[in-house]
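**Q** Build me a model from this:
(2 chains)
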Amino acid sequence: MNVRTIKFFFGEALISLRQNLVMTIIAILTISVTLVMLALFVLLFMNTNTALGNVSRNLAVVAYLDKEISKSAIDQVQDQLTSISGIKSSDFVSKEEAWSRLKSKFKYQEDIVSLVAGNPLPNSFVIHIDRVENIESVIRELKLVKGIDLVRYGQDVVAKIRKFVHLFNIIAFSVVGFLLLATFLITINTINLTILSKKNEVQIMKLVGATNSFIKWSFIVEGFIIGSLGALIAMGIATSLFHVINTRIQVAFPFIGVFTQGTSLVSLNLAMLSLGLFIGVAGSFLSIKNLLKSMIKK
Amino acid sequence: MIRFRNVTKMYRKDATVLNRINLHISKDEFVFLVGPTGAGKTTLLKLILRNEIPDSGGVYVDKVNTRDFNENQISKLRKNIGVIFQDFKVLNRTLYENLAFVLKIQGEKKRVIDEKIEHVVELVGLQKKINYYPHQMSGGEQQKSCLARAIINKPHILLADEPTGNLDPDASWEIMQILSKVNLSNTTIVVATHDKSIVDQMRKRVIGLHGGNIVRDQQLGRYHERSHD
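**A** Okay, the predicted model is just below:
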């Protein structure tokens, strides 16, 4: 394909888009609207996952050590903790520190504390898990570590969060799948209508000796333009909406800590652009293929 | 140039459109296909254009059977065949853009496009309508536009299916005059028509079709068969 042919395809696509302006606008807006819906859902999904991640990140597992554990054994435990995958960080809390924290907690009920003879608390490690999904495997390994007497964590909370994350993921992927399918079908249908209105043009192209692949290319370029314009509009709307919604959520629920990384938004925009181009090109390709098949024999 | 050997074409098992047709049209000939509706005239043109394939027999263009042509060969064949129809089939663009469209598809340079367009609009007499849209032109002018598009690449063969079907007698005659001029420049012309007056005035070869059979083939023929000429 030479430069002149490519120029011809783009020139023809622009003429055609201009001549079928209403259908073109409908096709572009269909892609934009569905992509924006998809993007907003993905943003909701990502933010919810981020928020859940934040909650689960704050979950700490406390490993209580044997009461009579030696200093060297504590060091060995600490070494072993670093080799367990899924542990983000661990902080040693000596029994003296734990006792002091307990006393400060009960500073207004000193009489209660005074009833306890000596320091009954053991040395411990407060362990942070990288992801809530890893908590059970970490617990299993902690229980095997020599020197750890007891492991405590918020089992109920973790179980609920895990169940919720699982359910949310299933729903989110199903909805995204359906949205993608709907986007694709709606767009194909719209492009199909645009292409059907140019049956005359395709007939003339065939009559003057244009090959099927040549005709397909000219419509694919048109789909490329429709898809990219639809995606660009969607990117603009989604980015603006994201900033507005994000700001409002952060003002209303500052503790949730929604994701604000620019890179995620860039990735989302790139995904939208790719999807828009794919839908435009694939939609055009399928539509023109069907038209050629139904219209003229080879 | 064009040869049909025992060509049979059926659209349904019980509907034979062309029945064992044998026909030869030489280079530079001007031929009218006449006959009632359903006689097989359009199908015959479609077979030459390789828009249809015969059920049996062979259609030869330049001594080559077109039956087993692949897409590229069909494309090449059609670049050498110009076609015009009763319904004009023009794009909703200016005459210049309609003509340039064909040449751009064939990858011509701007300079060549302009030269060819200038020549062809002069031939059909539409120099002043170069920037007109189809709706700004009369039926005759629109058909001339189609004719200009069909001959812009100097095809070896020009097929015309009822080219004057929607035109008044004057416009029909103008189209025929242009076809005659094109014929003089070594283009074989095959016209399917119901237009008695132009066939009778042109006095060219007339092939009569009826019920899918060739019922007559006369040089310097008329629309209706006569025992005396």
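**Q** in chain A, what residue is nearest chain B?
**A** Per CB to the nearest CB, the residue of chain A with the smallest distance to chain B is residue A:209, at 3.8 Å. From N, CA and C alone the C-beta is placed, and that goes for glycine too.
**Q** tell me the secondary structure for the residue most central in space within chain B?
**A** Most central residue of chain B, judged by C-alpha distance to the mean C-alpha position with CA atoms, centre = their mean, is residue B:159 at 1.4 Å. Each residue gets one of three states, and residue B:159 gets strand by DSSP: H, G, I helix; E, B strand; the rest coil.
**Q** Can you give me every residue that contacts it?
**A** For residue B:159, the contacting residues are B:45, B:48, B:49, B:81, B:82, B:83, B:84, B:190, taking CB atoms under 8 Å, 6 or more residues apart in numbering or on different chains as the criterion.
**Q** Residue A:141 too?
**A** Counting by CB under 8 Å, 6+ apart, residue A:141 makes contact with residue A:84.
**Q** That one - that's part of a strand, no?
**A** No. Secondary structure of residue A:141 (three-state DSSP): helix, not part of a strand.
**Q** measure it to residue A:148 for me?
**A** 10 Å (CB to CB, to the nearest Å).
**Q** One more: residue A:269?
**A** Note on residue A:269: its distance to residue A:148, by CB to CB, is 47 Å.
**Q** if we can go back for a sec, of the contacts of residue B:159 - the most surrounded one?
**A** Ranked by neighbour count under the definition other CB atoms under 10 Å in any protein chain shown, those are headed by residue B:82 with 27 neighbours.
**Q** what about the residue most central in space within chain A, which SS state?
**A** Within chain A, one residue has its C-alpha closest to the average C-alpha position: by CA atoms, centre = their mean, that is residue A:46, at 4.3 Å. In the three-state summary, residue A:46 is assigned as helix, counting by three-state DSSP.
**Q** if I read this right, it contacts residue A:264, doesn't it?
**A** Yes. Taking CB atoms under 8 Å as the definition, residue A:46 is a contact partner of residue A:264 at 6.5 Å.
**Q** Can you pull the poorly scored residue ranges out of the chain?
**A** Using chain A. Segments of chain A classed as low confidence (criterion: pLDDT under 70) are A:1, A:53-58, A:155, A:158, A:249-250, A:252-263, A:296-298.
**Q** Please refer instead to chain B.
**A** Answering for chain B: the residues below the bar, that is pLDDT under 70, span B:226-229.
**Q** Please enumerate the strands of it.
**A** Counting by DSSP state E, the segments of chain B that form strands are B:2-12, B:15-25, B:30-34, B:56-61, B:64-65, B:81-84, B:157-161, B:188-192, B:205-210, B:213-218.
**Q** The last one vs strand B:2-12, what angle?
**A** Which is strand B:213-218. On the basis of axes from the mean of the first three to the mean of the last three CA atoms, to 10 degrees, strand B:213-218 is oriented at 150 degrees to strand B:2-12.
**Q** Whether the host helix or strand of residue A:7 contacts chain B - can you check?
**A** Secondary structure here is read from DSSP states H and E; on that basis residue A:7 sits in helix A:3-19. Yes. Part of helix A:3-19 sits close enough to chain B to count as contact by CB under 8 Å from any CB of the partner chain, namely A:4, A:5, A:8, A:11, A:12, A:15, A:19.
**Q** Could you identify which of those residues has the most neighbours?
**A** Once you tally neighbours by other CB under 10 Å, residue A:8 ends up highest among the residues of helix A:3-19 next to chain B, having 23 neighbours.
**Q** Surely it and residue B:104 touch.
**A** Yes. The pair residue A:8 and residue B:104 qualifies as a contact (CB under 8 Å) at a distance of 4.7 Å.
**Q** Helix or strand for residue A:244, just tell me which one.
**A** Secondary structure from DSSP H and E places residue A:244 in helix A:212-252.
**Q** again, but for residue A:97
**A** Secondary structure here is read from DSSP H and E; on that basis residue A:97 sits in helix A:95-105.
**Q** helix or strand right after that helix?
**A** Remark: after helix A:95-105, the chain's next helix or strand is helix A:110-114, criterion DSSP H and E.
**Q** out of the strands of chain B, which comes closest to residue A:193?
**A** When these are compared by CB to CB, strand B:81-84 sits nearest residue A:193, at 27.6 Å.
**Q** For residue A:125, list the residues it contacts.
**A** With contacts defined as CB under 8 Å, 6+ apart, the neighbours of residue A:125 are A:62, A:63, A:65, A:77, A:78, A:81, A:90, A:91, A:92, A:93.
**Q** and the second one, bridged to which residues?
**A** Residue A:63 forms beta bridges with residue A:125, residue A:151, as assigned by DSSP bridges.
**Q** likewise the last one?
**A** Beta bridges link residue A:93 to residue A:124 when assigned by DSSP bridges.
**Q** What are the contacting residues of the helix holding residue A:97?
**A** Helix A:95-105 is contacted from outside by A:93, A:113, A:119, A:121, A:122, A:123, A:124, using CB under 8 Å, 6+ apart.
**Q** I'd say residue A:17 and residue A:222 touch.
**A** Yes. When contacts are counted by CB under 8 Å, residue A:17 is listed as touching residue A:222 (6.5 Å).
**Q** neighbour count winner among those two?
**A** Between residue A:17 and residue A:222, residue A:222 has the larger neighbour count (other CB under 10 Å), namely 29 against 19.
**Q** from memory the residue of chain A closest to chain B sits against residue B:107, does it?
**A** No. Counting by CB under 8 Å, residue A:209 sits too far from residue B:107 to count as a contact (11.2 Å).
**Q** Write out the residues of the stretch 51-200 of chain A neighbouring chain B.
**A** Residues of the stretch 51-200 of chain A that fall close to chain B, judged by CB under 8 Å from any CB: residue A:200.
**Q** Tell me the buried residues in stretch B:26-45?
**A** Of all the residues in stretch B:26-45, those buried under the rule 16 or more other CB atoms under 10 Å in any protein chain shown are B:29-35, B:39-45.
**Q** swap in stretch A:198-218?
**A** Taking 16+ other CB under 10 Å as the neighbour-count basis, stretch A:198-218 is seen to contain the buried residues A:198, A:201-202, A:204-212, A:214-218.
**Q** ok, residues contacting that stretch?
**A** For stretch A:198-218, contacts defined as CB under 8 Å, 6+ apart pick out A:1, A:8-9, A:12-13, A:16, A:20, A:195, A:285, A:288-289, A:291-292, A:295-296, A:298, B:49, B:71-72, B:75-79, B:83, B:89, B:91, B:101-102, B:105-106, B:149.
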